[in-house]
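Visitor: Turn this into a structure:
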Amino acid sequence: MNRNTELLEGNSNLNRVCYYVSYDPPPNKLNATLCTHIIAGFSSVKNGVVDVGGNGKLYTDTTALKKQYPHLKVLMTVGGGGNDQGFSLVVSSPANRLKFIASAFSTMKKYGFDGLDIDWEFPAWNNHHPEDRNNFIQFLKEFNAYAQFIGLEFMKVQPLLTVAVAAPKIIVDKSYDIPEMAKYVDFINLMTYDFNDYFWYTPYVAHNSPLFNRSVEKAYFAKLNTAWSSNYWNQLGMPKSKIMVGIPTYGHTYKLLDPKLNYVGAPATAGGADVTFTEACQFLASGATRVFDSESQVPYAFKDYDWISYEDKESILRKAKWIKSQGFGGAMTFDLNCDDYSLICDEASFPLHRILYDVFTS
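Guide: As a prediction, the model looks like this:
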């Protein structure tokens, strides 16, 4: 059974897929009008089945939003960065796949979820198991079969199936059979962020999620941006209608080597903790200087030795318009929790998500 390549039924506008990963803010403080889908996380894999850990209340309260927002679809995500151990074993045999799929359906029914999101970072990439690439496709195929013949009766609705996927070409080429994946998923959540960060081999400041490359970036570095990765997934066989282009609401931080050298590409001595949009606003309010990169279409800010790459209302607006103009299925944000819900940045809550809503529904 192949998944329809059109936008999901009932959504006349572009999809707005919002990850939601902690109880801060609690679900009843969310404005779920801004999202067509909320993906709640994270569950993990334990002994070959879904383990919700301590997320039971988060899940129950999040799916309860559907009573207030009838349009909303709520999915459960399993995995996440550093939390995806066990997938290789899960997909390694028909018996293991069935065991996990059955547990996923049981969990979805228990908490009232509308579907499952798999966030495996990344098949065949770090674990030296090249067979993961094909086994993952078998998993997606068998999930669909289970949904068609058993799950529909079990859950009363056809559960959605989505996958969070990598953006860099080097990972995409190794991890995914994209034409086959396109047959079985409702859509992908393309993680077009974390393109740059501080490592010993990249000791300089750079954008977390540039829309386009800068003119000085060539070869491999010219491909580390949202536009290139989104189009690459489409070129390899994923319909645009199934590509939700990722937008982060968090920023990356760096320590500059010299406060006078604060341009993109300036030397850095360390990276730091990620910051929320609220924290970025507070950084600017403390006297930091904001610069908007007209080539990459995203801002950065600096003060003394501190330098951050982040998103703001201008960059979100430009990305939203680009996504719409290029015919992609919508946007995925990571995450609701990092947007400003406490009215520190703006007179309205969740200002970044409001921009997406306004552009996509206009």
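
Visitor: so V298 touches S315, yeah?
Guide: Yes: V298 lies in contact with S315 (CB atoms under 8 Å); the separation is 4.5 Å. For glycine as for every other residue, the C-beta is placed from the backbone atoms N, C-alpha and C.

Visitor: Quick check: neighbours shared by those two?
Guide: L211, F292 (CB atoms under 8 Å, 6 or more residues apart in numbering).

Visitor: These two: which has the busier surroundings?
Guide: Taking neighbours as other CB atoms under 10 Å, V298 and S315 compare with V298 leading, 27 against 23.

Visitor: Against T192, how distant is the more buried one?
Guide: 11 Å (CB to CB, to the nearest Å).

Visitor: can you list residues touching both of these two?
Guide: Here V298 and T192 have S209 as joint contacts, going by CB under 8 Å, 6+ apart.

Visitor: so what's N13 scoring on pLDDT?
Guide: We have a pLDDT of 76 for N13.

Visitor: So what's the residue count around it?
Guide: Applying other CB under 10 Å, I find that N13 has 14 neighbouring residues.

Visitor: Next one: it from N47, what distance?
Guide: 41 Å.

Visitor: Return the helix or strand S315 falls within as PDB; C-alpha atoms alone will do.
Guide: S315 is part of helix 313-326, with elements assigned from DSSP states H and E. The C-alpha coordinates for helix 313-326 follow below in PDB (Å, rounded to 0.1, in the frame of the first residue of the first chain):
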ATOM      1  CA  LYS A 313      10.800  36.800  12.700                       C
ATOM      2  CA  GLU A 314      12.600  38.000   9.600                       C
ATOM      3  CA  SER A 315      14.400  34.800   8.800                       C
ATOM      4  CA  ILE A 316      11.300  32.700   9.500                       C
ATOM      5  CA  LEU A 317       9.300  35.000   7.100                       C
ATOM      6  CA  ARG A 318      11.800  34.500   4.300                       C
ATOM      7  CA  LYS A 319      12.000  30.700   4.800                       C
ATOM      8  CA  ALA A 320       8.200  30.400   4.900                       C
ATOM      9  CA  LYS A 321       7.800  32.400   1.700                       C
ATOM     10  CA  TRP A 322      10.500  30.300   0.100                       C
ATOM     11  CA  ILE A 323       8.900  27.000   1.200                       C
ATOM     12  CA  LYS A 324       5.600  28.100  -0.200                       C
ATOM     13  CA  SER A 325       7.000  29.500  -3.500                       C
ATOM     14  CA  GLN A 326       8.900  26.300  -4.100                       C
END
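
Visitor: helices or strands next to it in the packing?
Guide: helix 226-235, strand 243-248, strand 298-303, strand 330-334, helix 351-361 (3 or more CB pairs under 8 Å, 6 or more residues apart in numbering; DSSP states H and E).

Visitor: Could you check that helix and say which residues are buried?
Guide: Using 16 or more other CB atoms under 10 Å as the test for burial, helix 313-326 gives S315, I316, L317, R318, K319, A320, W322, I323, K324.

Visitor: what angle sits between it and helix 351-361?
Guide: Interaxial angle, helix 313-326 versus helix 351-361 (axes from the mean of the first three to the mean of the last three CA atoms, to 10 degrees): 30 degrees.

Visitor: Let me see the contact set for the closest residue to N231 other than its chain neighbours.
Guide: The shortest distance from N231 to any residue other than its chain neighbours is 7.9 Å, reached at Q326 (CB to CB, 6 or more residues apart in numbering). By CB under 8 Å, 6+ apart, the residues touching Q326 are S230, N231, K240.
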